[in-house]
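Asks: no letters, just coordinates:
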């Protein structure tokens with residue numbers, strides 16, 4: 001199962017994406033590929049902001065933390 005948690009506070013935006021869909025075998029799972037590509041698109045977009053986000057990623061894990069002043073007005 002893929003777990004996505006988004007926390008928005010006055011100080012930061014935190015996003016974590018954990019797990020695997022286990023819909024198909026590794027390398028053939030369209031659900032995992034879709035979620036991974038969306039996380040990567042977000043990462044690329046966030047790097048266009050003045051303050052770069054903190055990002056950690058590995059197989060089945062993606063963590064992003066961005067200071068509040070980086071994204072204010074974008075989510076509205």
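Replies: That came through, no problem. The shown structure was predicted, so the numbers you read here are calculated from the model rather than taken from an experiment.
Asks: can you give the contact residues for the longest helix belonging to the chain?
Replies: With DSSP state H setting the assignment, residue counts place helix 30-46 as the longest helix in the chain. With CB atoms under 8 Å, 6 or more residues apart in numbering as the test, helix 30-46 has contacts from 2, 4, 15, 17, 20-21, 23-24, 52-53, 55, 57, 62, 64, 66, 70-71. For the C-beta atoms, the positions are set from N, CA and C on the backbone; glycine is no exception.
Asks: next one: stretch 2-20
Replies: The set of residues that contact stretch 2-20 without belonging to it, under CB under 8 Å, 6+ apart, is 1, 21, 29, 31-32, 35, 39, 42, 60-68, 70-71, 75.
Asks: show only the entries of those residues found in strands.
Replies: Here DSSP state E is the test, and these give 61, 62, 63, 64, 65, 66, 67 as lying in strands.
Asks: buried members of those into ChimeraX, please.
Replies: Once 16 or more other CB atoms under 10 Å is used to decide burial, the buried members of the ones in strands among the contacts of stretch 2-20 can be selected in ChimeraX as follows:
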select :62,63,64,65,66,67
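Asks: distance of the most centrally placed residue in the chain relative to residue 10?
Replies: Closest to where the C-alpha atoms of the chain average out (CA atoms, centre = their mean) is residue 39, at 4.1 Å. According to CB to CB, to the nearest Å, residue 39 and residue 10 sit 24 Å apart.
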